[in-house]
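1. Show me how the following folds:
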Amino acid sequence: MDSTAGQLLLGVLLIAGMLLAFGLGVALLAWMPLSGPESATALGRWPVRAGRRLRSGWQAVWAVVRRLRAPGRVRAWWAQNFRHPARLVVLGFAAAVLIGSGLLALPFATESGRSAGTVTALFTATSAVCVTGLVVVDTGTYWSAFGEAVILGLIQVGGFGIMTLAALLGLLVARRLRMRLQLGTQAETKSMGVGQVRRVVLGVLRISLVVELLVAVVLTWRFAAGYGYDWPRATYLGVFHAVSAFNNAGFGLFSDSLMRFVGDPLICLPIVAAIIIGGLGFPVLFELRRELRTPRRWSLHTKITVGMTVVLLAGGFAAITVSEWSNPGTLGPLGVAEKLLAGFVTAVMPRTAGFNSLDVAQFSDVTLLIHNVLMFIGGGSAGTAGGIKVTTFALLGFVILAEIRGEPSVHALGRKLPAGVQRQALTVALLGVAAVAASTVALLALTPFRLDQVLFEVTSAFGTVGLSTGITADVGTAGHVILIVLMFIGRLGPITAAAALALRERTRRYERPEERPIVG
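-> Sure thing, here's the model as predicted:
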């Protein structure tokens, strides 16, 4: 298919079909067993306006599907290993990565007409599904319109969430949600109650569409009016960057990311706004929509997320701007207003966005270290951001403060923190440190690059950020595999990945005698 428009249309159709088939497949798996009396009529409850013939035809198709059952051993193996909600989320993301890799490996997914190769396709698909933004080839020049459409679809899948997509399709098809699918969606969206999943799923869809549409409109107008792009091309650029920004993916169609727009607030600020909104997390966005004018009624999670976001953005902006103010490779040649704009944009990007308006390779050592800290912390939970999350970081701070004060329990903003939450925060942080440390050592042994470059790359992959000092394409096949695993773990979260890989959950039936070792 030679025409760009035709390739783009084919890519959109294929990715839409993939989303529909995959989401419906996950929903059906989560709906098991297929032979219960309730499932016999669940999908037959079609709206009356569709007509009796359509309803009868759908019931006939569903009756055939119900007869397609796997052997008993297969069903038992599935129930034992993959019915856990966390495992189902991991399986969904893994399947999306594999499907995306297959599509990107097709010859017409590249501009050259040659297959991208297994590692390149797998790395790009993982980076897109895990909304990271690290690339081994230039997105705008290497991939064809079809390949770019596939990447955009994978970004939307990764940001919206596999289980959320499956639950949405379940709502559209069956007009209801089964308990198992609700638990799977709850594991991904971190909703507080199973009964809230329906509202969460539809709310996620509305917020995603509204924010992406508004940002796309502003960017489209600016690309057309300010840079002379024709309206079809401007619209495509606007939509692609709006989706990539809201999902904190960092994929761009310009070889220098946003560096050519470093002084343009009408390009940079809409993208920054989408990144911040997506990085807050959907539970926080839901609560802010209801209680924006009454902060006293905010939940502890919302207070911590909003407060830490403001602190990290302000602190990062001040530190980065001061550090790079006179750097001739970054802020040095810019005017005061452009320096402030570029400093703010640069402070937002380590929150797992991945765009850059300054040359990362020219950053000072101080700025690289600041980026490492911000990338590791990440953004809000249950959103499109990565990292260990700001709530985890804040909870560890409250634990340390309580220990320093000698208090027997941990309190935060007028609330007592359960011991289980403290253990979860500590586990997430330590697993994150272990993943980054082990990967850094491995890449140092496999590549000739310096510690600061490797640590920055590894932290960016784990935090699903996408920023790079320019070494991503040169770390070799083994290095690419390490980064792929890091991006996957970083997107799902250490706790989800560990729970999904566990063979079974164990309940301690007794406690052993207590003994206190020496600490410190």
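
2. Contact partners for Cys267?
-> Just so we're on the same page, residue 267 is Ile rather than Cys. Residues in contact with Ile267 (CB atoms under 8 Å, 6 or more residues apart in numbering) are 219, 222-223, 258, 261. Quick note: C-beta positions are derived from backbone N, CA and C, even for glycine.

3. Now a ChimeraX select for only the buried ones of the residues you listed.
-> Here the buried members of the contacts of Ile267 are turned into a ChimeraX selection, burial being counted by 16 or more other CB atoms under 10 Å:
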select :219,222,223,258,261
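
4. can you put the contacts of Ile267 in JSON lines and add secondary structure, pLDDT and distance to His371?
-> Conversion of the contacts of Ile267 to JSON lines gives the following (DSSP: H, G, I helix; E, B strand; the rest coil; pLDDT from 0 to 100; distance: CB to CB, whole Å):
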{"residue": "Leu219", "secondary structure": "helix", "pLDDT": "96", "distance to His371": "25"}
{"residue": "Arg222", "secondary structure": "helix", "pLDDT": "96", "distance to His371": "27"}
{"residue": "Phe223", "secondary structure": "helix", "pLDDT": "96", "distance to His371": "28"}
{"residue": "Leu258", "secondary structure": "coil", "pLDDT": "93", "distance to His371": "16"}
{"residue": "Phe261", "secondary structure": "helix", "pLDDT": "95", "distance to His371": "20"}
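
5. What is the nearest of the contacts of Ile267 to Val137?
-> Within those, the smallest distance to Val137 is 18.8 Å, found for Leu258 (CB to CB).

6. Next one: that closest one relative to Ala224, how far apart?
-> 18 Å (CB to CB, to the nearest Å).

7. just Ile404 next, same as before
-> Using CB to CB, one gets 56 Å for the distance from Ile404 to Ala224.

8. Looking at those two, which is more packed in?
-> When Ile404 is set against Ala224 and neighbours are counted by other CB atoms under 10 Å, the residue ahead is Ala224, at 18 against 8.

9. So that one is in contact with Trp231, correct?
-> Yes: contact status for Ala224 versus Trp231: in contact at 5.5 Å, counting by CB atoms under 8 Å.

10. Spatially nearest residue to Phe261 (excluding sequence neighbours)?
-> Spatial nearest neighbour of Phe261, chain neighbours left out: Ile267 (4.1 Å); criterion: CB to CB, 6 or more residues apart in numbering.

11. which element follows the helix or strand harbouring the one you found toward the C-terminus?
-> Using DSSP states H and E, Ile267 maps to helix 265-280. Helices and strands here follow DSSP H and E; after helix 265-280, the next one along the chain is helix 282-291.

12. For that following helix, which outside residues touch it?
-> Residues from elsewhere that reach helix 282-291, judged by CB under 8 Å, 6+ apart: 189-192, 200, 203-204, 207, 277, 280, 297-299, 301-302, 305-306, 380-383.

13. just stretch 441-452 next, same as before
-> Surrounding stretch 441-452, the residues in contact under the criterion CB under 8 Å, 6+ apart are 365, 368, 440, 454, 457-458, 469, 471, 474-476, 478-479, 482.

14. buried subset of the residues you listed?
-> Those of these that meet the buried threshold are 368, 440, 454, 457-458, 469, 471, 475, 479, 482, by 16+ other CB under 10 Å.

15. Averaging pLDDT per element, find the lowest-scoring helix or strand in this protein.
-> Every helix and strand of the chain was ranked by mean pLDDT, DSSP states H and E. The lowest is helix 39-42, at a mean of 41.

16. Report the separation between Ile99 and Val204.
-> Ile99 sits 22 Å away from Val204, going by CB to CB.

17. Compare those two (neighbour count), which wins?
-> Set side by side, Ile99 and Val204 give different neighbour counts by other CB under 10 Å, the larger being at Val204 (25 against 21).

18. Check the offset of the helix or strand containing that one from the chain's centre.
-> Assigned by DSSP H and E, Val204 belongs to helix 197-227. On the basis of CA atoms, centre = their mean, to the nearest Å, helix 197-227 is displaced by 17 Å from the centre of the chain it belongs to.

19. by contact count, what packs against that helix?
-> Using 3 or more CB pairs under 8 Å, 6 or more residues apart in numbering; DSSP states H and E as the contact criterion, the elements in contact with helix 197-227 are helix 145-160, helix 162-174, helix 179-189, helix 231-246, helix 265-280, helix 282-291.

20. want to try CSV for the ones you listed, with distance to Leu486 and mean pLDDT as columns?
-> Supplementary listing: those in CSV, determined by distance: least, CB to CB, whole Å; pLDDT from 0 to 100:
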stretch, distance to Leu486, mean pLDDT
helix 145-160, 15, 89
helix 162-174, 19, 54
helix 179-189, 20, 61
helix 231-246, 20, 94
helix 265-280, 19, 94
helix 282-291, 24, 85
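
21. In JSON lines, list the ones you listed along with distance to Val345.
-> Below are those laid out as JSON lines (distance: least, CB to CB, whole Å):
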{"stretch": "helix 145-160", "distance to Val345": "20"}
{"stretch": "helix 162-174", "distance to Val345": "29"}
{"stretch": "helix 179-189", "distance to Val345": "29"}
{"stretch": "helix 231-246", "distance to Val345": "11"}
{"stretch": "helix 265-280", "distance to Val345": "5"}
{"stretch": "helix 282-291", "distance to Val345": "22"}
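
22. For these, state which one has the densest average packing.
-> Sort the helices and strands packed on helix 197-227 by mean neighbour count, taking mean count of other CB atoms under 10 Å, and helix 145-160 sits at the top with a mean of 25.

23. Taking helix 231-246 as reference, get the angle to that one.
-> For the pair helix 145-160 and helix 231-246, the angle between their directions (axes from the mean of the first three to the mean of the last three CA atoms, to 10 degrees) equals 30 degrees.
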